[in-house]
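Student: Need coordinates for the below:
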Amino acid sequence: MGFWRKLAARLKGRDCFFECDGCGCGPDADPDPDRRVEDADFAMALIGLGAKMARADGIVSRSEINAMYEVFRPPPEGRAALDRAFQLAQQTTLGFDGYANRLARRFRSNPAVLEDVLDGLFHIAKADGAVTTSEIDFLTKVSGIFGFSALEFRRISMAHLGAPGDDPYVILGIEADIDDLDLKKAYRRIASQNHPDRLIARGAPPEIQRLADEKMAAINTAYERILQERGLLAGVAN
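Tutor: Here you go, the predicted model:
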């Protein structure tokens, strides 16, 4: 089960889920108590980080709250639990690094999931029509905790915010002096990690899937631009 779907499943019918630290009550309870606690910790970290993202510019707008629920998309019976967790976490941005570190430890070997989380945070940040300096600072810090380099963060940010001149090298997260062979390898790696089919397999909600389609289109366009600039468009296959 994808982690986004797992979150929805954990919220389903678990009104006490966040209050009893993963007690696992409910008809669909996981028989493994350690797994229940781990999933509870993960869900709280994910929701807490999203709530603090909404708070990063000092004002939690209705559009940001709506974006939060678009990202997590709980079933109706799980909405009350998410409401309480969100209201508690959004009171201050303090402690966001703790949530980010918990997610980083859990998905250290699966950076694509951490990039999914960053995509969700960008979705929340953009919801009110503007991404402020304080929000970019928040996202940069979370990205660093997740283990992404400055160049990788530029690539992720570019997919959401654009950049002056839409530098194709920034979009692909590579240096402009990369050789042709490494360019091809980098493109294939990035395209594979960001392919919408993989995101769907991880259970992402429709809003995040839409972002994946947009990112994939930007990645393909950037690669084609570089190939064209280098005179390789006809000679190098994707």
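
Student: Can you pull the domain assignment for the chain?
Tutor: 1-120, 149-238 (automatic domain parsing).

Student: Could you tell me the least trusted of those domains?
Tutor: Per-stretch mean pLDDT for those is lowest at domain 1-120 (a mean of 68).

Student: Which strand or helix spans the spatially most central residue of the chain?
Tutor: In the chain, the residue lying closest to the centroid (C-alpha atoms, centre = their mean) is residue 117, at 2.0 Å. Using DSSP states H and E, residue 117 falls within helix 111-125.

Student: buried stuff in the helix or strand that that helix is followed by?
Tutor: Counting by DSSP H and E, the next helix or strand C-terminal to helix 111-125 is helix 133-145. Burial within helix 133-145, assessed by neighbour count using 16 or more other C-beta atoms under 10 Å, is assigned to 135-136, 138-139, 142-143, 145. Just so you know, the C-beta spots here come from the backbone N, C-alpha and C atoms, and that holds for glycine as well.

Student: How about the contacts made by the residue nearest to the centre of the chain?
Tutor: Counting by C-beta atoms under 8 Å, 6 or more residues apart in numbering, residue 117 makes contact with 46, 49, 103, 146.

Student: number of nearby residues for the first one?
Tutor: What it means is residue 46. 22 (other C-beta atoms under 10 Å).

Student: Distance-wise, check it relative to residue 190.
Tutor: Distance of residue 46 to residue 190, computed by C-beta to C-beta, to the nearest Å: 24 Å.

Student: quick one, phi/psi of the spatially closest residue to residue 145 that is not a sequence neighbour?
Tutor: Nearest-residue entry for residue 145: residue 100, 4.1 Å, with adjacent residues in sequence omitted and distances by C-beta to C-beta, 6 or more residues apart in numbering. Torsion angles at residue 100 (phi, psi; degrees, to the nearest 10) stand at phi -60, psi -40.

Student: can you check residue 173 too?
Tutor: phi 70, psi 40.

Student: Is it in contact with residue 187, as I believe?
Tutor: No - at 10.2 Å, residue 173 does not count as touching residue 187 under the criterion of C-beta atoms under 8 Å.
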